[in-house]
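Undergrad: predicted model, plus sequence, below.
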Amino acid sequence: MVRAGAAFYRRRGREVGGRAVGGACPEGEAGGWRHARPRWRVKARQRRRVKARRGRREIGGVGRREDGRRGSGSVGGVRAVTAAAAADRSRQLPARGGRLAARARSPHARQWTVRTTRLPGGRQRWRSSSFACRDPMSSPPQYADVSSLLAAAGGHQLPPLDGRVAIVTGGAGGIGAEVTAHLASLGARIVVGYIGDSAPADQLVASLNAAAGSSGPRAVAVCADVSDPVQVERLFDAAQAAFGRDLQIVVAAAGFQDAAYPAIADTEPEQWDRAFGVNARGTFLCCRQAARRLVRGGGRRIVTFSSSNVASLRPGYGAYVATKAAVEAMTKVLAKELAGTGITANSVAPGPVATPMFYAGKSEERVRVVANECPMKRIGEPADVAPVVGFLCSDAAGWINGQVIRVNGGYV
């Protein structure tokens with residue numbers, strides 16, 4: 001019985017019982033019937049074949065044997081063509097080229113794989129082609145050596161902070177003095193804010209200007225109490241008068257620690273107010289002026305100073321820790337408020353550092369105990385902290401924003 005609706009079926013093309021299957025195949029015989037493929041699928045297959053033939057022509061004979069016959073000489077054979085050979089052939093292609101020709105010229109091209117199938121009668125047909133492309137990220141791109149480029153240009157590499165103006169409060173002593181010297185070594189012009197005796201600030205500024213030679217003044221000293229908004233505004237005015245209106249960096253390093261280390265129950269309101277006046281209020285006033293005056297457009301930095309005691313929470317540091325915790329929170333909020341300006345705000349939180357403020361009120365035994373509590377078995381030095389500040393002020397730290405960087409040798 002012949003199955004009805006044969007127009008919706010397609011024969012397989014095999015031989016059944018020694019004869020070719022005709023237009024209708026009895027149901028149940030070898031070969032049988034199968035549903036006709038949808039027209040869109042047939043068209044897609046035809047397009048793939050056309051592209052395959054076009055690609056074979058473009059790569060200049062890939063898949064042909066030496067005797068002129070197509071394929072690799074075996075059923076389902078595989079023949080690999082190196083990128084170098086394909087690139088040589090691609091240079092002989094017409095100007096219009098093609099996708100495979102373009103890929104042959106690509107530096108990421110590695111090889112093509114050409115497959116052949118033997119057809120009835122001994123003929124061979126190029127069946128498919130796969131393009132193998134090396135992942136560009138598998139091997140990093142080779143950039144020219146920076147030093148060789150500079151040598152070829154006949155110049156030297158500019159310091160990372162060349163020509164930028166930095167205000168450093170508390171910049172005449174302790175960690176602030178080391179930060180001032182380090183920023184100057186990176187090429188910045190420094191405005192040293194200080195209070196009290198002017199001798200340390202004048203000496204530091206004189207040494208920086210002497211090192212600069214004939215290139216002009218590199219630093220100036222300005223007396224300013226950071227807890228007074230009028231004096232903070234005058235500090236910024238002096239910086240613009242000395243080095244121009246473009247200010248790029250503000251480092252609020254001025255700080256105060258009560259050498260009596262009173263417990264919270266024994267802390268007088270005056271002691272509390274003085275700690276907050278310098279540490280929290282002073283940082284706030286400097287950040288306020290910085291947010292108003294720093295040039296927009298990227299590369300501008302605000303760096304505040306906290307303390308690792310915010311994390312260690314030692315007895316006797318109640319007022320001090322409260323002020324530094326306020327600085328950390330304010331810095332994070334400021335970073336969000338400056339969104340879109342290109343100005344970053346971060347805080348550096350040193351651990352115990354060998355400065356007059358650290359040694360004040362401590363016995364030698366207490367200093368040894370603090371040193372032993374650090375995994376590095378020593379007290380930090382200002383030189384351990386200054387490079388971190390310098391990095392945060394550089395372009396390399398452009399993606400660091402609203403962070404607290406604890407520099408304490410593992411103390412906490």
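TA: Received it, and whenever you're ready, just let me know what you need.
Undergrad: burial of Lys336, as a residue count?
TA: 10 (other CB atoms under 10 Å). Quick note: C-beta positions are derived from backbone N, CA and C, even for glycine.
Undergrad: that one and Met330, how far apart?
TA: For Lys336, the distance to Met330 (CB to CB, to the nearest Å) stands at 11 Å.
Undergrad: swap in Gly340?
TA: Distance, Gly340 to Met330, using CB to CB: 19 Å.
Undergrad: and these two? Which one has more around it.
TA: The neighbour count for Gly340 versus Met330, taken as other CB under 10 Å, is higher for Met330 (17 against 6).
Undergrad: tell me which element that one is part of?
TA: Using DSSP states H and E, Met330 sits in helix 318-337.
Undergrad: distance check, Gly340 against Gly398.
TA: 14 Å.
Undergrad: and if you look at Glu381?
TA: Counting by CB to CB, the separation of Glu381 from Gly398 is 28 Å.
Undergrad: for the stretch 151-300 of the chain, just list every one of the strands.
TA: 165-169, 189-194, 219-223, 249-252, 300-305 (DSSP state E, counting those that start in this stretch).
Undergrad: okay, now the unreliable bits of the chain?
TA: In the predicted model of the chain, residues 1-37, 55-156 satisfy pLDDT under 70.
Undergrad: domains for it, by residue range?
TA: Residue ranges for the structural domains of the chain, counted by automatic domain parsing, are given in the record as 72-136, 160-407.
Undergrad: measure the last one end to end?
TA: For domain 160-407, the first and last residues are 22 Å from each other (CA to CA, to the nearest Å).
Undergrad: mind checking what secondary structure Ser347 has?
TA: strand (DSSP: H, G, I helix; E, B strand; the rest coil).
Undergrad: any idea how many residues pack against it?
TA: Each residue near Ser347 was counted by other CB under 10 Å, and the total is 28.
Undergrad: bridging residues for it?
TA: Residues found in beta-bridge contact with Ser347 (criterion: DSSP bridges) are Thr304, Val404.
Undergrad: pull up the gap between it and Pro160, please.
TA: Distance, Ser347 to Pro160, by CB to CB: 21 Å.
Undergrad: what do you get for Gly298?
TA: Gly298 sits 14 Å away from Pro160, going by CB to CB.
Undergrad: who's more crowded, these two?
TA: Per other CB under 10 Å, whichever of Gly298 and Pro160 has more neighbours is Pro160, with 16 against 11.
Undergrad: surely the more buried one touches Asp395?
TA: Yes - taking contacts as CB atoms under 8 Å, Pro160 lies within contact range of Asp395: 6.7 Å.
Undergrad: what is the burial count for the residue nearest to Gly163 when sequence neighbours are not counted?
TA: If the residues on either side of it in the chain are set aside, Gly163 comes closest to Gly187, at 6.7 Å by CB to CB, 6 or more residues apart in numbering. Neighbour count of Gly187, defined by other CB under 10 Å: 14.
Undergrad: go on, Trp40?
TA: Trp40 is surrounded by 8 other residues when neighbours are defined as other CB under 10 Å.
Undergrad: what about it, which helix or strand?
TA: If you go by DSSP H and E, Trp40 is part of helix 39-58.
Undergrad: can you name every helix or strand that that helix contacts?
TA: Packing contacts for helix 39-58, counted by 3 or more CB pairs under 8 Å, 6 or more residues apart in numbering; DSSP states H and E, involve helix 99-105, strand 124-133.
Undergrad: ok, residues contacting the helix or strand where Val370 lies?
TA: Val370 is part of helix 364-373 when elements are defined by DSSP H and E. Helix 364-373 is touched from outside by Pro352, Tyr359, Lys362, Lys377, Arg378, Ile379, Tyr411, with contacts defined as CB atoms under 8 Å, 6 or more residues apart in numbering.
Undergrad: buried residues, it. List them.
TA: Applying a neighbour-count criterion of 16 or more other CB atoms under 10 Å, one finds Val370, Ala371 buried in helix 364-373.
Undergrad: please apply the same query to stretch 227-241.
TA: Using 16+ other CB under 10 Å as the burial criterion, the residues of stretch 227-241 that qualify are Ser227, Asp228, Gln231, Val232, Glu233, Leu235, Phe236, Ala238, Ala239.
Undergrad: okay, those residues in a markdown table with distance to Gly318 next?
TA: Shown next, in a markdown table, are those (distance: CB to CB, whole Å):
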| residue | distance to Gly318 |
| --- | --- |
| Ser227 | 20 |
| Asp228 | 25 |
| Gln231 | 28 |
| Val232 | 26 |
| Glu233 | 31 |
| Leu235 | 30 |
| Phe236 | 32 |
| Ala238 | 36 |
| Ala239 | 35 |
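Undergrad: which of the residues you listed fall in helices?
TA: The helices in this structure, assigned by DSSP state H, contain Gln231, Val232, Glu233, Leu235, Phe236, Ala238, Ala239 from the buried residues of stretch 227-241.
Undergrad: what's the farthest-apart pair in those residues?
TA: In those, the most distant members under the criterion CB to CB are Gln231 and Ala239, with 13.0 Å between them.
Undergrad: can you pull out the helices in the stretch 151-300 of the chain?
TA: Across the stretch 151-300 of the chain, reading from the start of the chain, the helices by DSSP state H, counting those that start in this stretch fall at 174-185, 199-212, 229-243, 269-275, 282-293.
Undergrad: re earlier: deepest in the core, which of the domains of the chain is it.
TA: Neighbour counts averaged per stretch over the domains of the chain are highest for domain 160-407, at a mean of 19; criterion: mean count of other CB atoms under 10 Å.
Undergrad: now the end-to-end length of stretch 290-310.
TA: 25 Å.
Undergrad: let me fix that, I meant to ask about stretch 240-248.
TA: With CA to CA as the measure, what separates the two termini of stretch 240-248 is 11 Å.
Undergrad: any residues touching it, and which ones?
TA: By CB under 8 Å, 6+ apart, the surrounding residues in contact with stretch 240-248 are 164-167, 189, 191, 217, 220, 236, 239, 290, 293-295, 299-301.
Undergrad: and of the ones in helices among the buried residues of stretch 227-241, the nearest to Lys324?
TA: Among these, Val232 lies closest to Lys324 (CB to CB), at 19.2 Å.
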